[in-house]
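> here you go, sequence then predicted model.
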Amino acid sequence: MISAATALARLRAGNRRFVADLRTQATAKGAARHDQLIAEQAPMAIVLGCSDSRVPAEIVFDQGLGDLFVIRVAGNIVAPSQIGSVEFAASRYGTRLVVVLGHSQCGAILATLEAIQRPGEPHSRNLRSIVDRIRPALEPVLASELGQRPEALVHHAVRANIRASANQLRHGSAVLEQLRQSEGLVVVGAEYALDTGEVDFFDGLPLGASG
């Protein structure tokens, strides 16, 4: 079993390779790795990320087949199916690191801000379900002085949503709570910068894991 600290270090190293436009032989050898994974898997990290096409977790962390258990949904929201997926991977495969991965200029965040600022505009019931899950994290940010600073508002709103999703995973599941308390499960929040390709791990880091 790979510890949360080791998995986090590997993700950081992989993102540095991605930013530097380097690729490891381990991730390039997909065919050989495929044969090894037919019988079982042991992903080192669970990533709950946004569905945005510009933020594929395996690529931005320079990981290969079988390395990551990835759950993608617009706005990296946490609903019962996402919690269940995290519970499944953490319990079944012993994965001890969970990363909530949001990104700059997230369309779901922008849509939610628009819905708060201009209520009454039509949304489908399904889209509204996403907006309604993001809204509670964004309303305090919008009500602050940041509400008058559009660029800063979006940045802080993205991070507020990431923190909210991470906290839901930490405290919204008895299974994950138990794994956190007794089995070393760690849930962290991170933001991917579309302009630089860098991932900033900023929420819930274990002691000594900053930087």
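Good, I have the coordinates. Numbers count the residues shown, from 1 in each chain.
> counting contacts, what elements does the helix or strand hosting residue 69 pack onto?
Residue 69 belongs to strand 68-72 when assigned by DSSP states H and E. Helices and strands touching strand 68-72, by 3 or more C-beta pairs under 8 Å, 6 or more residues apart in numbering; DSSP states H and E, are strand 45-49, helix 57-60, helix 80-93. Any C-beta I mention is one placed from the backbone N, CA and C, and that applies to glycine too.
> reformat those as JSON lines; add distance to residue 109.
Shown next, in JSON lines, are these (distance: least, C-beta to C-beta, whole Å):
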{"stretch": "strand 45-49", "distance to residue 109": "14"}
{"stretch": "helix 57-60", "distance to residue 109": "18"}
{"stretch": "helix 80-93", "distance to residue 109": "17"}
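> helix, strand or coil for the residue sitting furthest away from the middle of the chain?
Within the chain, residue 120 marks the point farthest from the mean C-alpha position, 30.0 Å out by C-alpha atoms, centre = their mean. Using DSSP: H, G, I helix; E, B strand; the rest coil, the structure places residue 120 in coil.
> show me where pLDDT drops low in the protein?
For the chain, the stretches with pLDDT under 70 are 25-32, 121-122, 208, 210-211.
> can I get the lengthiest helix in it as CSV, trimmed to CA atoms?
Longest helix of the chain, by residue count under DSSP state H: helix 150-171. Taking Å, rounded to 0.1, in the frame of the first residue of the first chain, the C-alpha atoms of helix 150-171 are listed here in CSV:
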residue,chain,number,x,y,z
PRO,A,150,-14.4,40.1,-10.8
GLU,A,151,-11.0,38.4,-11.5
ALA,A,152,-10.3,38.0,-7.8
LEU,A,153,-13.8,36.8,-7.2
VAL,A,154,-13.5,33.9,-9.7
HIS,A,155,-10.2,32.8,-8.2
HIS,A,156,-11.5,32.8,-4.6
ALA,A,157,-14.8,31.2,-5.7
VAL,A,158,-12.9,28.3,-7.4
ARG,A,159,-10.9,27.7,-4.2
ALA,A,160,-13.9,28.0,-2.0
ASN,A,161,-15.7,25.3,-4.0
ILE,A,162,-12.6,23.0,-3.8
ARG,A,163,-12.4,23.4,-0.1
ALA,A,164,-16.2,22.7,0.3
SER,A,165,-15.9,19.5,-1.8
ALA,A,166,-12.9,18.3,0.2
ASN,A,167,-14.7,19.0,3.5
GLN,A,168,-17.7,17.1,2.3
LEU,A,169,-15.5,14.1,1.6
ARG,A,170,-13.8,14.4,5.0
HIS,A,171,-16.9,14.7,7.0
